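Engineer: let's see this in three dimensions:
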Amino acid sequence: MTLAGLMVQEEDVMPVGASAGQRRAPDTSRRAAGGRRGRLVGQQKQRSRRPDACDGQVQTRLPVEGVLKTMCASVGLPRVQEKGCKALFELASNSEIQGKLGFLGGIEAVVRAMEAHGKVTELLVMGTSALNRMCERHESNTQRLVSVGGIRVMAEAMKRHRLCQNLQEAGCRAMKNAAACNAECQLKVSSIGGIEAVLAAMTAHTESAAVQEAGCQALKELAVHNGHIQDQIVSNGGIQVVLRAMEMHGQLISIQVWGCGVLRNITACNADHQEGVISRGGIQTVLDAMSTHLESVDVQWAGCWALFCIAVHNPVAAEEVVAYGTVQSAIRAMQHHRREPRVQEAGCWVLKELAKHIARDDVQLAAAVHAVTKAMEKNPSSVPVQTAVSGALRKFAVHDQKGWVKTMCLGRCGRFGASVTKQMLSSIKEGNSDEER
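Structural biologist: Below you'll find the predicted structure:
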């Protein structure tokens with residue numbers, strides 16, 4: 001039986017009420033059945049023989065089993081395997097079917113097909129796409145994919161067919177999905193060469209926005225809370241690759257957001273990586289993204305967090321970040337998105353980290369205090385924003401030698417009310433207490 005014949009399987013018995021053109025039962029049998037009552041009994045018997053008949057519609061079974069049976073019986077036929085992968089891709093439309101495909105061995109069938117036909121590019125592209133669809137937002141399937149060696153097979157395919165753009169994009173997305181599943185899968189991806197495969201894909205297809213976006217997504221997820229993987233990314237040239245992607249595709253918001261995400265995850269509290277980003281012009285690249293996409297909440301949010309992580313816990317890096325005009329960019333982002341808690345929170349953290357440098361300029365200090373107090377005013381129900389504002393005011397107070405921060409907060413008492421003003425003064429008092437200690 002061919003695969004096409006398995007895609008839709010109909011029952012042999014037609015339902016009651018079939019369309020015109022079918023042969024009717026002889027009238028004698030109807031009369032023998034006892035008239036109208038006999039016909040009803042006959043219909044009930046037919047329905048009992050055909051339990052899936054409903055309202056006269058032909059019922060079809062989900063052809064998962066048929067597709068997998070055909071793939072299993074035709075492992076040596078690449079064309080059949082490719083069509084099978086395509087069928088599984090189309091079938092995996094929701095979590096229920098994803099679960100059924102995983103339970104019945106769909107993931108193993110595709111991986112087996114890719115292993116058997118590693119030189120057939122079309123099959124590898126379709127197989128990787130099918131695996132992505134079956135595992136997307138499905139943790140157990142993703143874990144199964146990793147455990148049966150699917151990530152290794154895809155990494156090898158990417159290495160063998162480096163010039164195939166579609167395969168590189170699909171492979172990067174597979175690495176991203178696996179790395180985002182859990183820490184164990186994240187480690188597995190890095191250990192089988194996933195990082196090298198992603199960076200090679202981005203290097204070979206610099207002009208492909210789809211590959212660059214998928215690659216940045218994968219690197220961001222790989223770098224989450226794992227210093228060893230972060231070192232791997234940097235040592236393999238990841239900083240240069242990501243910055244080049246952001247520069248070459250400066251008009252694409254998605255690449256700017258994901259690129260900033262990579263920079264954020266690899267630099268936080270790592271002085272060597274922070275220096276690596278700074279020395280390669282990373283600060284300016286992030287600021288250019290924020291300037292180009294000022295109206296984008298996502299870019300302003302991601303850019304502020306990237307700048308914060310480049311500077312955090314590193315006085316030398318903070319000095320560099322300030323020199324590029326980061327304070328003004330953060331304040332501008334907060335001004336344009338007053339009621340966006342994500343932007344306000346991230347902006348406050350940037351200003352907090354750069355408070356020592358901000359306090360050296362009275363005009364800049366006044367602008368920063370105004371920005372954070374506005375954030376408190378416009379986002380009263382956001383706990384993360386309120387926490388970030390308090391932290392920024394506290395840090396401003398530590399470095400304010402003239403007492404201007406307190407004066408500015410008191411000057412806004414009439415606008416903010418006694419409760420908010422009391423909260424701001426409490427933060428300032430804590431900052432002064434920290435300085436005394």
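Engineer: going forward, measure contacts and count neighbours with C-alpha atoms only.
Structural biologist: OK.
Engineer: what helix or strand does residue 262 sit in?
Structural biologist: helix 253-267 (DSSP states H and E).
Engineer: now do that helix: distance to the chain's middle.
Structural biologist: Centroid separation between helix 253-267 and its chain, computed with Cα atoms, centre = their mean, to the nearest Å, is 12 Å.
Engineer: do the same with stretch 311-324
Structural biologist: Relative to its chain's centre, stretch 311-324 lies at 29 Å (Cα atoms, centre = their mean).
Engineer: just to revisit the earlier point, following the helix holding residue 262, which helix or strand comes up?
Structural biologist: On the C-terminal side of helix 253-267, the closest following helix or strand by DSSP H and E is helix 271-279.
Engineer: which outside residues touch that following helix?
Structural biologist: 234, 239, 263, 266-268, 283, 310-311, 314, 317, 320 (Cα atoms under 8 Å, 6 or more residues apart in numbering).
Engineer: change it to 7 Å
Structural biologist: For helix 271-279, contacts defined as Cα atoms under 7 Å, 6 or more residues apart in numbering pick out 239, 266-267, 310, 314, 317.
Engineer: what angle sits between that helix and helix 253-267?
Structural biologist: 140 degrees (axes from the mean of the first three to the mean of the last three Cα atoms, to 10 degrees).
Engineer: mind listing what's buried in helix 271-279?
Structural biologist: 271, 273-278 (16 or more other Cα atoms under 10 Å).
Engineer: so residue 237 versus residue 394, what's the distance?
Structural biologist: 38 Å (Cα to Cα, to the nearest Å).
Engineer: those two: which is more packed in?
Structural biologist: Each of residue 237 and residue 394 has its neighbours counted (other Cα atoms under 10 Å); residue 394 has more, 27 against 12.
Engineer: which SSE is the more buried one in?
Structural biologist: Going by DSSP H and E, residue 394 is in helix 383-399.
Engineer: residues contacting stretch 236-249, please?
Structural biologist: Against stretch 236-249 from outside (Cα under 7 Å, 6+ apart): 199, 203, 206, 209, 212, 216, 255-256, 259, 277, 282, 285.
Engineer: can you redo those as JSON lines with pLDDT?
Structural biologist: Shown next, in JSON lines, are the contacts of stretch 236-249 (pLDDT from 0 to 100):
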{"residue": "199", "pLDDT": "98"}
{"residue": "203", "pLDDT": "98"}
{"residue": "206", "pLDDT": "98"}
{"residue": "209", "pLDDT": "98"}
{"residue": "212", "pLDDT": "98"}
{"residue": "216", "pLDDT": "98"}
{"residue": "255", "pLDDT": "98"}
{"residue": "256", "pLDDT": "98"}
{"residue": "259", "pLDDT": "98"}
{"residue": "277", "pLDDT": "98"}
{"residue": "282", "pLDDT": "98"}
{"residue": "285", "pLDDT": "98"}
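Engineer: and the furthest pair within these?
Structural biologist: The span of these, defined through Cα to Cα, is set by 209 and 277 at 21.8 Å.
Engineer: residue 360 belongs to a strand?
Structural biologist: No: secondary structure of residue 360 (DSSP: H, G, I helix; E, B strand; the rest coil): coil, not part of a strand.
Engineer: how many neighbours does it have?
Structural biologist: When neighbours are counted by other Cα under 10 Å, residue 360 registers 13.
Engineer: and the pLDDT for it?
Structural biologist: For residue 360, the model assigns a pLDDT of 94.
Engineer: that one and residue 100: what is the separation?
Structural biologist: 63 Å.
Engineer: hang on, the earlier thing: out of the contacts of helix 271-279, flag the one nearest to residue 104.
Structural biologist: Closest approach between the contacts of helix 271-279 and residue 104, by Cα to Cα: residue 266, at 39.0 Å.
Engineer: what's the closest one in contact with, if anything?
Structural biologist: Applying Cα under 7 Å, 6+ apart, we find residue 266 in contact with 223, 230, 273.
Engineer: spatially central residue for the protein, please.
Structural biologist: residue 217 (6.3 Å; Cα atoms, centre = their mean).
Engineer: how much does the helix or strand harbouring it deviate in direction from helix 253-267?
Structural biologist: Using DSSP H and E, residue 217 falls within helix 209-222. Orientation of helix 209-222 against helix 253-267 (the same axes, to 10 degrees) gives an angle of 30 degrees.
Engineer: pLDDT of the helix or strand just after helix 209-222, averaged?
Structural biologist: Using DSSP H and E, the helix or strand that directly follows helix 209-222 along the chain is helix 227-235. Averaging pLDDT along helix 227-235 gives 97.
Engineer: chain center to helix 227-235: distance?
Structural biologist: Counting by Cα atoms, centre = their mean, helix 227-235 is centred 20 Å from the centre of its parent chain.
Engineer: cool, thanks, talk later.
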